[in-house]
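Chemist: Everything below, folded, please.
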Amino acid sequence: MKIGDIVKHRDRIPTDPHPNDVGKYGGWGCVGIVVEIYQPNSTLGRPSIWIRYIDSKGDSVLCKKENLEVISESR
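Modeler: Below is the predicted model of the structure:
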């Protein structure tokens with residue numbers, strides 16, 4: 001996954017917070033373009049990689065990499 005890739009956020013599962021509780025911060029099922037990748041420096045355990053993408057409404061969404069699927073790679 002890299003900046004410029006088009007990604008799809010996974011669909012909501014029952015253990016996720018209720019959409020009324022997270023409001024616009026729930027990005028389940030959204031499609032967007034990757035704009036930032038956060039790779040924490042940590043030697044303890046396996047740190048999560050976080051991805052920021054801009055969705056079709058222009059909102060910035062931050063989520064774990066494993067919750068995204070690349071549907072189109074940038075060149």
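Chemist: what are the pairing partners of whatever helix or strand G32 lives in, and which direction each?
Modeler: G32 belongs to strand 31-38 when elements are defined using DSSP states H and E. Taking DSSP bridges as the criterion, strand 31-38 forms sheet pairs with strand 6-9 (antiparallel), strand 50-55 (antiparallel).
Chemist: List the buried residues of that strand.
Modeler: By neighbour count on 16 or more other CB atoms under 10 Å, the buried set for strand 31-38 is G32, V34. (Glycine included, C-beta is placed from N, CA and C.)
Chemist: same question, stretch 19-33
Modeler: Across stretch 19-33, burial judged by 16+ other CB under 10 Å covers G26, G27, W28, C30, G32.
Chemist: So which of those is the closest to K64?
Modeler: Nearest to K64 among the buried residues of stretch 19-33, counting by CB to CB, is G27 at 11.3 Å.
Chemist: From N41, how far out is the closest one?
Modeler: To N41, G27 is 26 Å away according to CB to CB, to the nearest Å.
Chemist: swap in K65?
Modeler: Using CB to CB, K65 is found at 16 Å from N41.
Chemist: just D11 next, same as before
Modeler: Separation of D11 from N41 (CB to CB): 32 Å.
Chemist: I71 too?
Modeler: For I71, the distance to N41 - CB to CB - is 29 Å.
Chemist: got it, and R75?
Modeler: Taking CB to CB, one finds R75 at 29 Å from N41.
Chemist: how would you label N20: helix, strand or coil?
Modeler: The three-state assignment at N20 reads helix, by DSSP: H, G, I helix; E, B strand; the rest coil.
Chemist: Same check on S74?
Modeler: When classified by three-state DSSP, S74 comes out as coil.
Chemist: Could I get the contacting residues of K64?
Modeler: With contacts defined as CB atoms under 8 Å, 6 or more residues apart in numbering, K64 is in contact with S48, I49, W50, I51.
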